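# Just a sequence and a predicted model for now, questions to come.
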Amino acid sequence: MISVRRARPDDAAGVGAVHAAVWRSAYPGILPDDYLAGLSARRLGGFYRGAILDRRQAHAVFVAAADGPDLMPGHPPGTVIGFCSGGRARRAGLADGEVETLYLLDDYRDRGVGRRLMRAMAAHLRAVGCQSVLLWVLRDNPSRWFYQRLGGRPAAQETIRFAGQDTVQLAYVWDPIESLLAATAPAPER
């Protein structure tokens, strides 16, 4: 079983491990190899512990955790397999709320987990009064199609300096936020 819930401080190490694993999988050839090799799950876990505790600007972190038959061999029950973070938009202009991160281990893709994490974040943002939501993704990220399939509308593009190189990122917007909630709604049972 895979559950999606609000993250707790003791999830931070698992969140950091997911972040490092996903970046190493998604960004070879996009970000420098030495940067990816130097990612520290432990340091990232420390960062995310602070993010989990931070409630300013309606910030929240949600995790997907696996148990039972959905758990990959060798992992303890309740292993964090993915997460999503966000809050009120960090910059004004494109949307009220922002999904800052969405990372899911490769072995758990194409099972609806990313969709469930996005829904949890969208529901949280709507509950705190956000009427629209945005997400930035690197243009060369092969997973950006996921946001398009959820109805995200390309709204902006900018070049940022990251890991010592210029990188283009795209903003996808859902306005109104209900369009993201509808796109991530559970399929009706037959």
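Cool, got the structure.
# What residue, apart from its backbone neighbours, is nearest the residue nearest the centre of the chain spatially?
The residue lying closest to the centre of the chain (C-alpha atoms, centre = their mean) is residue 102, at 1.1 Å. Using C-beta to C-beta, 6 or more residues apart in numbering and skipping the chain neighbours, the partner closest in space to residue 102 is residue 84 (4.8 Å). Every residue, glycine included, has its C-beta placed from N, CA and C.
# Likewise for residue 174?
residue 180 (3.9 Å).
# What about that neighbour, how many residues nearby?
Residue 180 has 29 neighbours, counted by other C-beta atoms under 10 Å.
# I figured it hits residue 135, correct?
No. Using C-beta atoms under 8 Å as the test, residue 180 is too far from residue 135 to be in contact (9.4 Å).
# still on that earlier bit, how close does the residue nearest to the centre of the chain sit to residue 77?
Taking C-beta to C-beta, to the nearest Å as the measure, residue 102 falls 23 Å from residue 77.
# Nearest spatial neighbour of residue 36, chain-adjacent residues omitted?
Spatial nearest neighbour of residue 36, excluding adjacent residues (C-beta to C-beta, 6+ apart): residue 24 at 5.1 Å.
# Check residue 124 too.
residue 60 (5.0 Å).
# and the one you found, what does it touch?
Applying C-beta atoms under 8 Å, 6 or more residues apart in numbering, we find residue 60 in contact with 6-7, 85-87, 121, 124.
# which of the residues you listed count as buried?
Neighbour counting by 16 or more other C-beta atoms under 10 Å classes 7, 85-87, 121, 124 among those as buried.
# Please narrow the residues you listed to those residing in strands.
85-87 (DSSP state E).
# possible to save those as a markdown table with distance to residue 2 and pLDDT?
Listed next are those as a markdown table, based on distance: C-beta to C-beta, whole Å; pLDDT from 0 to 100:
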| residue | distance to residue 2 | pLDDT |
| --- | --- | --- |
| 85 | 18 | 98 |
| 86 | 20 | 98 |
| 87 | 24 | 97 |
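# Redo those as JSON lines? Include distance to residue 108.
Converted to JSON lines, these look like this (distance: C-beta to C-beta, whole Å):
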{"residue": "85", "distance to residue 108": "17"}
{"residue": "86", "distance to residue 108": "20"}
{"residue": "87", "distance to residue 108": "24"}
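# Give me the below-cutoff pLDDT ranges for this protein.
Counting by pLDDT under 70, the chain shows low-confidence ranges at 188-190.
# Do a quick rundown of the helices in it.
Assigned by DSSP state H, the chain shows helices spanning 12-26, 33-37, 41-53, 113-127, 144-149, 178-183.
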